[in-house]
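Undergrad: this one's sequence-less:
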């Protein structure tokens, strides 16, 4: 199981970014998937997670209405569309996966992070 996140960068407040996570070594439709983030000095937190069927989707309160998680099975890729970005969204973002969804707290397999900086 391998995950490769990309799409981070510098964006002004109110702007948008789309993160991608390319999965390999397994089929995306058989595993739960999630996006997590860690800001400097803070603990890692779950941002948005989805079970294998896609009928259980979690968003942390601070991103509801602004972020959207989605999957493309043909590309074996999961996305996180982030709109209305705020400085407090600044963090390293990670994608992660696990065979059986256990909540958006921790997962078994992790990719390297991608840095998102929201600043004017």
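TA: On my side now, so go ahead. Keep in mind it's a predicted model, so treat the numbers as computed, not measured. Numbering: from 1, shown residues only.
Undergrad: so the residue nearest in space to the middle of the chain, which of the three states?
TA: Nearest to the mean C-alpha position of the chain, counting by Cα atoms, centre = their mean, stands residue 35 at 2.3 Å. Under DSSP: H, G, I helix; E, B strand; the rest coil, residue 35 falls in the strand class.
Undergrad: Now for it: which residues touch it?
TA: Applying Cβ atoms under 8 Å, 6 or more residues apart in numbering, we find residue 35 in contact with 19, 21, 46-49, 69, 78, 80, 93-96. In short, each C-beta sits where N, CA and C put it, glycine included.
Undergrad: And it, how far from residue 116?
TA: 11 Å (Cβ to Cβ, to the nearest Å).
Undergrad: shared neighbours of those two, which are they?
TA: Common neighbours of residue 35 and residue 116 (Cβ under 8 Å, 6+ apart) are 19, 93.
Undergrad: and stretch 33-42, which residues are buried?
TA: 33-37 (16 or more other Cβ atoms under 10 Å).
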